[in-house]
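J.: Would you be able to build a 3D model of this:
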Amino acid sequence: MTDHASSWLLPMDGQMLDLPALFGAGVPVVLEIGFGMGEATLAMAQQRPDSGILAIDVHTPGVGQLLAGISDAGLTNVRVMHQDAVEVVHDMVAPDSLAGVRIFFPDPWPKARHHKRRLIQPPFVSLLCTRLQLGGFVHCATDWSPYAEQMLAVLSAEPGLTGTSASSRGIDEPAAERPHARPLTRFERRGLARGHPVVDLVFTRTLDA
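T.: From the prediction side, this is the model:
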């Protein structure tokens, strides 16, 4: 990981990130939380070279693989943080600075006693909303139906957000097709092989937080 860290890995120093300096003035920046081994991140960065990705994960092997992939692909529009995403968003991401947030297949913590560990909780969603620009999106995906229900309830309850995908209006409706911009992930393939329905929830910031 150290071979590529100096170019693309950002430190957790508590200083507000200067996104225009990192990605270029006027470049829309999307925050990706929990990128696993980084395959989808690399694919999306290649699809949209005109946008920036701030990718955050705590999984050391995944961070190392993503950094190597960035170098191998010659990408310049990805920055990586090996940190807790909640701390980064709270301390280092400025209000109204993000074009979007992607949270694909986060840990569902299926046991009831562990539900409090789930990432999609009202306080964090409210915080994310303040970091989005008006018109910015939150896109969550999961193959765990009980977590999809919680995600939908939490996102729907945030007054600054409005659901924009079919499945964001109710998971009992036919699920929205996988958005073209979201590559098929390793976790998704595993879930589909087990017969798990995949739910995409897309919400847009429509009100001042």
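J.: What segments of the chain are helices?
T.: For the chain, helices defined by DSSP state H occupy the ranges 2-8, 19-23, 39-47, 60-73, 85-92, 122-131, 145-157, 186-193.
J.: can you give me the mean pLDDT across the last one?
T.: Averaging pLDDT along helix 186-193 gives 76.
J.: Tell me which other helices or strands the longest strand belonging to the chain touches.
T.: If you go by DSSP state E, the chain has its longest strand at strand 132-142. Contacts defined by 3 or more Cβ pairs under 8 Å, 6 or more residues apart in numbering; DSSP states H and E place strand 132-142 against strand 98-104, helix 122-131, helix 145-157, strand 199-205. Every C-beta, even on glycine, is put in place using the N, C-alpha and C of the backbone.
J.: and residue 88, which of these is closest to it?
T.: With Cβ to Cβ as the measure, helix 122-131 is the member of the helices and strands packed on strand 132-142 nearest residue 88 (10.2 Å).
J.: Low-confidence stretches in this structure?
T.: In the predicted model, the chain carries pLDDT under 70 at residues 1-6, 165-178, 180, 208-209.
J.: again, only this time at 80
T.: Counting by pLDDT under 80, the chain has low-confidence residues at 1-7, 165-181, 184-192, 194-196, 208-209.
J.: Now do the residue most central in space within it against residue 141, distance only.
T.: Compute the mean C-alpha point of the chain, and by Cα atoms, centre = their mean the closest residue is residue 102, 2.4 Å away. Look at residue 102 and residue 141: by Cβ to Cβ, to the nearest Å, they are 8 Å apart.
J.: tell me, what's touching those two both at once?
T.: Jointly contacting residue 102 and residue 141 under the rule Cβ atoms under 8 Å, 6 or more residues apart in numbering are residue 182.
J.: circling back: contact partners for the nearest residue to the residue nearest to the centre of the chain once chain neighbours are set aside?
T.: Nearest residue to residue 102 in three dimensions, chain neighbours excluded: residue 32, at 4.7 Å (Cβ to Cβ, 6 or more residues apart in numbering). By Cβ under 8 Å, 6+ apart, the contact list for residue 32 reads 41, 44, 53, 54, 55, 56, 101, 102, 103, 104.
J.: Give me the residues contacting stretch 83-97.
T.: With contact meaning Cβ under 8 Å, 6+ apart, stretch 83-97 is reached by 12, 14-17, 19, 29, 31, 33-34, 54, 56-58, 81, 119, 124, 127-128, 130-134, 209.
J.: So what would you say the end-to-end distance of it is?
T.: Using Cα to Cα, to the nearest Å, one end of stretch 83-97 lies 19 Å from the other.
J.: ok now stretch 27-44, how far from the chain's centre?
T.: Its chain's C-alpha centre and that of stretch 27-44 lie 7 Å apart, by Cα atoms, centre = their mean, to the nearest Å.
J.: hang on, the earlier thing: and the helices of the chain, which is most packed in?
T.: Highest mean neighbour count among the helices of the chain (mean count of other Cβ atoms under 10 Å): helix 39-47, with a mean of 20.
J.: Output it as PDB, nothing but the C-alphas.
T.: Only the C-alpha atoms of helix 39-47 are listed here, as PDB (Å, rounded to 0.1, in the frame of the first residue of the first chain):
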ATOM      1  CA  GLU A  39     -13.500  -2.900  -8.500                       C
ATOM      2  CA  ALA A  40     -16.600  -0.800  -8.700                       C
ATOM      3  CA  THR A  41     -14.800   2.300  -7.700                       C
ATOM      4  CA  LEU A  42     -12.300   1.900 -10.500                       C
ATOM      5  CA  ALA A  43     -15.000   1.200 -13.100                       C
ATOM      6  CA  MET A  44     -17.000   4.300 -12.100                       C
ATOM      7  CA  ALA A  45     -13.900   6.500 -12.100                       C
ATOM      8  CA  GLN A  46     -13.100   5.300 -15.700                       C
ATOM      9  CA  GLN A  47     -16.700   5.800 -16.800                       C
END
